[in-house]
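>>> Here is my input; please provide its structure:
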Amino acid sequence: MLWRIRQYIKHQFYRRYTKGRHIHSPYSFEFVHEVIFNASKGEVPAEIRNLHRELHMDSTLIPAAGPGAPSSVDDAPYRSVGSFVKSSSVSLKYGALLYRISRWFRPGVILELGTGLGISTLYLCAGSPDTPLHTIEANRDRADFSEGLFKRSGMPTVQVHVGEMEEVLETLTDAVQGRILAFVDGNHRYDATIGYLRWILGQAGEEAVVVMDDITWSKEMMRAWQEIISWPEVRMSIDLFHMGMLLLRKDLQKADLKIKF
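Numbering: from 1, shown residues only. As a prediction, this is how the structure comes out:
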């Protein structure tokens, strides 16, 4: 916890960009100004916001165990849906950001690594409802819950794949390629995260956007983030502290931004 506090203070001290100021690329400026800071005033559909709020109060119990790095919040064998949503799902603020990214980018396909209970999936799908969305979840109970949520919300383009990330990704080589929007919130281990990003970059076309959650969740995750943003394929990285974005477009000048969000 103390380590994360120190990292947050450093992030606040070194951030240089506010609402797009001092960013010279028109493409990058639009992303920061219009998408991150929502200058266009895009609003998440009310039914998604309301459903998210309802799930905060859901007392249904589901098994807590899952693959990947253990939770630093709760080690109980069962957790309520509300507890999971509050501590392990995207917040309303970051869910709205995922919605705006999806709406702005207009991807050819959306890939999500780590469905959880499907909250982030709802935002991604709402932003581009006609786009095929593949989401992977290793925990069968969470996958079942999320599938029920998607049916309830009327989202036929969402396909939930149950299994280990690496194994499922091998089956998606033909389905996920080109203009990809990816949201990575899976196994929070260094080796796993590096492997996911290598796979995604290998499938990406001339333009893609990758969103990584919990980039400062642990020293392993920060190490993975710092290595990934050094790769030549990553033309621009945007560090919001809790979440990071990678813009893959060859005509962008290499840059790494830290922004207060």
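
>>> partner residues bridging the residue at minimal distance from the centre of the chain?
For the chain, the residue nearest the mean C-alpha position is Phe183 (3.4 Å; Cα atoms, centre = their mean). Phe183 forms beta bridges with Glu112, Val211, as assigned by DSSP bridges.

>>> do Ala204 as well
Under the criterion used (DSSP bridges), Ala204 bridges to Gly178.

>>> how much space between it and Arg140?
Going from Ala204 to Arg140 by Cβ to Cβ, to the nearest Å gives 30 Å. Just so you know, the C-beta spots here come from the backbone N, C-alpha and C atoms, and that holds for glycine as well.

>>> What is the neighbour count of Val184?
When neighbours are counted by other Cβ atoms under 10 Å, Val184 registers 26.

>>> For it, list the residues it contacts.
Residues in contact with Val184 (Cβ atoms under 8 Å, 6 or more residues apart in numbering) are 113-114, 193, 196-197, 200, 210-213.

>>> now with 10 Å?
By Cβ atoms under 10 Å, 6 or more residues apart in numbering, the contact list for Val184 reads 111-114, 165, 192-193, 196-197, 200, 210-215, 224, 228, 244, 246.

>>> cool, Glu233 as well?
Per Cβ under 10 Å, 6+ apart, neighbours of Glu233: 197-198, 200-202, 204, 208, 246, 248, 250.

>>> which SS state does it fall under?
Assigned state for Glu233: coil (three-state reduction, DSSP: H, G, I helix; E, B strand; the rest coil).

>>> How about the backbone phi and psi for it?
Main-chain torsions, Glu233, degrees, to the nearest 10: phi -70, psi -30.

>>> Any figure for the gap between it and Glu137?
From Glu233 across to Glu137, the span is 27 Å (Cβ to Cβ).

>>> burial of Arg53, as a residue count?
Neighbour tally, Arg53, other Cβ under 10 Å: 11.

>>> Same check on the one 4 residues further on?
Using other Cβ under 10 Å, Met57 has 11 other residues around it.

>>> what's the closest non-adjacent residue to it?
Nearest residue to Met57 in three dimensions, chain neighbours excluded: Gly82, at 5.5 Å (Cβ to Cβ, 6 or more residues apart in numbering).

>>> Looking at Ala204 and Arg140, which one has more neighbours?
Here Ala204 and Arg140 are set side by side on neighbour count (other Cβ under 10 Å), and the busier one is Ala204, at 21 against 12.

>>> The residue nearest to Met57 against Glu54, yeah?
Yes - under the contact definition of Cβ atoms under 10 Å, Gly82 touches Glu54, with a separation of 9.4 Å.

>>> More neighbours: which of the two?
Gly82 (15 against 12).

>>> what's near enough to touch that one?
Gly82 touches 54-60, counting by Cβ under 10 Å, 6+ apart.

>>> Since that was my last question, I'll sign off now.
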